[in-house]
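A.B. asks: need a structure here:
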Amino acid sequence: MNLDALQDIVLAMAEQRSVASVLQLLVEQIADVRRREAERESEEGADIALVRLWLVRPGDICETCRFRTECPNQTRCLHLAASAGRPRSSTENWCRLDGDFRRFPIGVRKVGHIAATGQPVLVTEMADNTQWVVRPEWVRAEGMHTFAGLPLVFRGETLGVLGLFSRTPLDAGDFEKLGSFANHAAVAIANARAFEEIEQLKSRLEQENGYLRQEVTEALGAKDMIGNSLGLRKVMEQIQLVAATDASVLITGESGTGKELVARAIHDGSSRQGRALIKVNCGAVPEALFESEFFGHIRGSFTGAIKDKPGRFELADGGTLFLDEIGEVPLSMQSKLLRVLQEGEIERVGDTRTRKLNVRIIAATNRDLKKEVEAGRFRQDLYYRLSVFPIEIPSLRERRDDIAPIATHFVKLAARRLNRPLPRITPATLTQLSEQEWPGNVRELQNAVERAVILSRGGPLEFNLSPPSGALARTSNAAATSGTRPLTREEWKRQERENIRAALEQAQGKVFGPGGAAELLGMKPTTLTSRIKALGLR
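C.D. replies: Below is the predicted model:
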């Protein structure tokens, strides 16, 4: 074999942009170079029968490693990353990456020795060399004569070892050329790793930018939580206590109470504030796509996976991952989520590479997870893993003192966002808002304010709201005290019927959706539908 042909392989490797393609091209081309040379000219030389390449990576199969008893530690070892050759037996497959020699501890046997010292090794007359040969019977059966082991060194760091088994001798000149080739191979591997890292960072930045744009669009515009009630002050004290730590936080409360705002406040008060806060609505992720969405996937791992994609955990590396509606995670997926939280590492779908992550977890739910655990719908160990520091947000009706300042803030925000003149909001209107029950909490209040701003046309702000049950009771008591006759049930039903009819006329018969009668009345559409049916309205 004419080893000058290795120059062609060097040029081909320089065009590759992934480590896998560089490794595969390297071993296949070297193992096949003799055949190509023989086709071009009848030249005899070295017959390289087997080429293998090991890369330095973390130890991962210590329990089953053949050389565990000889291994100085279980932190790093050589992983077989590529293999190609021409065995004499048709039943042998030298492209396999498993087997007894798929791992070599650093410093153990000839391959490990090369990685530890950074020095090449040339073994001739292999059948008679008991120092470096582990399986002499295999050497004799395959007619191996020479082993050339070369370190792959880039900028003083040993990346791996290239091993070549030849059935004919290699002279000093061949060995020197192979050493030069190994240097080029190390550069090609380092460059491919750099290209892969650039692509991963580019993909991650694209994903983060997408999430950040979405967050900006959906943000309420308030940097701080508004209110001074006892319940809110307690929540803010808890935020200050836990923000500086990396403890997992479980935020509970009714829908619309501002769980995401609390999660953002915890993130902004932590040492991770310079990194992204990645939000996942667990209830919106289909079970079939759970692993891909959370852990990412590599190209070709399933139909439709046309490129590598990092998952939400990977995007949140160094930052915070907010798992909203954690109670919606299917039971079959909870074990996989628990493993990631315990081990701090993930594997993309279809990938064998393990990635270490540093992610803080904040979860939120409007469910009672303790009851879900008792019912067998939520794993107890996952619950305890998430609820290291629980925070419960009181509903808006439990902190009525906060309703007025929150509504005032929403009025200013809505007028600016909707390009409307700032309407006046009277004390009587604020009192009316404070008396409402607001089952949808802050989210419902914001929607009601925005609707009123749209209808105000620059005048005073008016809300067309149904009288709350508490207000009705107070009105009845006041009527009894003043001597005014209280309304009978039929009179009250008639007033309710007229109020709903007026809302339906204003909404042109529309019940559901924006501008519908349910929205005008501040009621749930299903509740309004039931009342319409009960009152006999069309």
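A.B. asks: show me where the stretch 201-350 of the chain has helices.
C.D. replies: With DSSP state H, counting those that start in this stretch as the criterion, the stretch 201-350 of the chain has helices at 230-243, 259-268, 290-295, 312-315, 331-343.
A.B. asks: got the ones you listed as CSV, with mean pLDDT, distance to Ala415 and mean neighbour count columns?
C.D. replies: Heads up, the C-betas are built off the backbone N, CA and C, glycines and all. Shown next, in CSV, are the helices of the stretch 201-350 of the chain (pLDDT from 0 to 100; distance: least, CB to CB, whole Å; neighbours: other CB atoms under 10 Å):
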stretch, mean pLDDT, distance to Ala415, mean neighbour count
helix 230-243, 92, 24, 16
helix 259-268, 92, 21, 21
helix 290-295, 88, 38, 21
helix 312-315, 90, 35, 22
helix 331-343, 89, 42, 15
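A.B. asks: okay, the ones you listed in TSV with distance to Thr75 next?
C.D. replies: Listed next are these as TSV, based on distance: least, CB to CB, whole Å:
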stretch	distance to Thr75
helix 230-243	33
helix 259-268	33
helix 290-295	24
helix 312-315	23
helix 331-343	16
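A.B. asks: ranges for the helices of the stretch 351-500 of the chain?
C.D. replies: Along the stretch 351-500 of the chain, the stretches classed as helices by DSSP H, counting those that start in this stretch are 369-374, 380-386, 403-417, 427-434, 441-456, 469-482, 489-506.
A.B. asks: and stretch 234-247, C-alpha only, in CSV?
C.D. replies: Output of stretch 234-247 as CSV, limited to C-alpha atoms (Å, rounded to 0.1, in the frame of the first residue of the first chain):
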residue,chain,number,x,y,z
LYS,A,234,-46.6,36.5,52.7
VAL,A,235,-46.0,35.2,49.1
MET,A,236,-43.4,37.9,48.5
GLU,A,237,-41.5,37.0,51.7
GLN,A,238,-41.4,33.4,50.5
ILE,A,239,-40.1,34.5,47.2
GLN,A,240,-37.3,36.4,48.8
LEU,A,241,-36.4,33.4,51.0
VAL,A,242,-36.2,30.9,48.2
ALA,A,243,-35.0,32.9,45.3
ALA,A,244,-31.3,33.0,46.4
THR,A,245,-31.2,29.2,46.6
ASP,A,246,-31.4,26.5,43.9
ALA,A,247,-34.3,24.6,45.7
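A.B. asks: residues in contact with the closest residue to Val349 other than its chain neighbours?
C.D. replies: Once flanking residues are discounted, Val349 sits nearest to His297: 3.8 Å by CB to CB, 6 or more residues apart in numbering. When contacts are counted by CB atoms under 8 Å, 6 or more residues apart in numbering, His297 is found next to Glu291, Ala305, Asp308, Lys309, Gly311, Arg348, Val349, Gly350, Asp351.
A.B. asks: make TSV out of the helices of the stretch 351-500 of the chain and add mean pLDDT.
C.D. replies: Shown next, in TSV, are the helices of the stretch 351-500 of the chain (pLDDT from 0 to 100):
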stretch	mean pLDDT
helix 369-374	92
helix 380-386	94
helix 403-417	90
helix 427-434	86
helix 441-456	89
helix 469-482	47
helix 489-506	78
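A.B. asks: pick the most buried one from those helices.
C.D. replies: Burial of those is given as mean neighbour count (mean count of other CB atoms under 10 Å); helix 441-456 ranks first at a mean of 20.
A.B. asks: elements contacting that helix?
C.D. replies: helix 403-417, helix 517-521 (3 or more CB pairs under 8 Å, 6 or more residues apart in numbering; DSSP states H and E).
A.B. asks: quick one, which of those helices gets closest to Arg531.
C.D. replies: Closest to Arg531 of the helices and strands packed on helix 441-456, according to CB to CB: helix 517-521, at 9.2 Å.
A.B. asks: now that closest one: average pLDDT?
C.D. replies: If you average the pLDDT over helix 517-521, you get 78.
A.B. asks: re earlier: the helices and strands packed on helix 441-456: which one's closest to Val161?
C.D. replies: helix 403-417 (62.1 Å).
A.B. asks: that closest one: how far from the chain's middle?
C.D. replies: Centroid separation between helix 403-417 and its chain, computed with CA atoms, centre = their mean, to the nearest Å, is 34 Å.
A.B. asks: that one vs helix 441-456, what angle?
C.D. replies: With axes from the mean of the first three to the mean of the last three CA atoms, to 10 degrees applied, the angle from helix 403-417 to helix 441-456 works out at 50 degrees.
A.B. asks: put the alpha carbons of helix 403-417 into CSV.
C.D. replies: Taking C-alpha atoms only, helix 403-417 is exported to CSV below (Å, rounded to 0.1, in the frame of the first residue of the first chain):
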residue,chain,number,x,y,z
ILE,A,403,-58.2,44.4,43.4
ALA,A,404,-58.3,48.2,43.1
PRO,A,405,-54.6,48.8,42.5
ILE,A,406,-54.4,45.8,40.1
ALA,A,407,-57.4,47.2,38.2
THR,A,408,-55.9,50.7,38.0
HIS,A,409,-52.7,49.2,36.6
PHE,A,410,-54.6,47.2,34.0
VAL,A,411,-56.5,50.3,32.9
LYS,A,412,-53.2,52.1,32.2
LEU,A,413,-51.7,49.1,30.5
ALA,A,414,-54.8,48.4,28.3
ALA,A,415,-55.2,52.0,27.2
ARG,A,416,-51.5,52.1,26.1
ARG,A,417,-51.6,48.7,24.4
